[in-house]
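1. Could you work out the structure for the sequence below:
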Amino acid sequence: MSARAEDAFCPARPGQTTPPCVTAPGQTVVEAGLAAWTRGASSSGGEDQFTLAAPIVRFGLTPGLEAQIGWAGLTWSPDSAEGAGTQSHRGEPGDLTLGALYGPGGPDAAFAVQGFVTLPTGQGRATAGDWSAGVRIPLARSLGGGWQVALTPEADLAVNASGKGRHAAFGVAAGASREIREGVVAGVDISLFRDLDPEGDATRSAVSATLAWQVSPNAQFDIGAGFGLTADSPRTLISIGFARRL
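-> Numbers count the residues shown, from 1 in each chain. Take a look at the predicted model:
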């Protein structure tokens with residue numbers, strides 16, 4: 001969750017919630033996770049994963065509708081050499097996501113509906129192996145005094161662990177943020193998701209803290225750090241990123 005400028009420059013970064021404000025017609029916003037480090041869930045061995053780039057481009061189509069295209073970035077993860085006790089690293093491209101965000105109230109909507117589909121364009125362990133889809137309902141409310149709260153319920157058709165077919169997954173993210181000085185917003189959020197994979201259910205939950213700095217009316221930098229609350233959740237996540245309105 002990030003700051004909402006008066007002219008509706010409203011990046012989706014950082015944080016686990018999704019803001020409901022829509023990119024203004026004719027405008028383009030580019031957001032990117034410059035770098036992220038994740039230490040995996042203890043239930044899956046806890047291996048490290050590094051991701052670079054991960055851009056999302058948002059296009060304002062009408063006062064209440066934007067189109068989105070995102071790429072999961074380039075991922076490096078440890079790879080044990082077969083028959084040896086050493087490890088190497090390999091980089092693999094991730095999947096492509098297409099989506100749309102509709103806010104009935106226009107750029108300053110208090111709620112919106114986001115739909116998306118992810119295509120298996122990646123390689124190796126960086127791809128889910130099949131298409132998936134989902135819907136989010138971003139909600140936000142200003143409390144005054146620089147405070148804002150947000151809630152983002154989500155329901156997905158997620159890819160099975162086998163890489164073929166889909167199953168239900170659902171959950172919610174909630175957060176609060178406050179402008180601590182002009183152009184600087186600090187936030188905290190928490191998420192809880194249930195994944196009903198045929199090969200074994202999983203419950204994922206994480207809490208994170210973020211800091212967003214709007215360096216100009218059209219640019220923002222951010223950092224974030226979080227940790228998992230269940231055995232199925234990534235143990236640690238640290239990320240940096242930016243957003244730019246063109």
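
2. Strand partners (parallel or antiparallel) of the helix or strand residue 214 falls within?
-> Using DSSP states H and E, residue 214 falls within strand 202-216. Strand 202-216 has the following strand partners under DSSP bridges: strand 184-195 (antiparallel), strand 219-228 (antiparallel).

3. which stretch among these comes nearest residue 152?
-> strand 184-195 (8.5 Å; CB to CB). (C-beta placed from N, C-alpha, C; glycine too.)

4. Could you tell me the average pLDDT over the strand holding residue 214, please?
-> For strand 202-216, mean pLDDT is 96.

5. Return the distance of that strand from the chain's centre.
-> The chain centroid and the centroid of strand 202-216 are separated by 9 Å, computed with CA atoms, centre = their mean, to the nearest Å.

6. Kindly report the same for stretch 30-42.
-> Taking CA atoms, centre = their mean, one finds the center of stretch 30-42 at 9 Å from the center of the full chain.

7. just to revisit the earlier point, can you pull the buried residues of the strand holding residue 214?
-> Neighbour counts over strand 202-216 (16 or more other CB atoms under 10 Å) mark 202, 204-206, 208-212, 214 as buried.

8. cool, and stretch 13-30?
-> Per 16+ other CB under 10 Å, stretch 13-30 contains these buried residues: 13-24, 27, 29.

9. returning to what we had before: distance to residue 133 and mean pLDDT for the strands paired with strand 202-216 - can I get that in CSV?
-> As requested, the strands paired with strand 202-216 are exported to CSV (distance: least, CB to CB, whole Å; pLDDT from 0 to 100):
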stretch, distance to residue 133, mean pLDDT
strand 184-195, 15, 97
strand 219-228, 25, 96
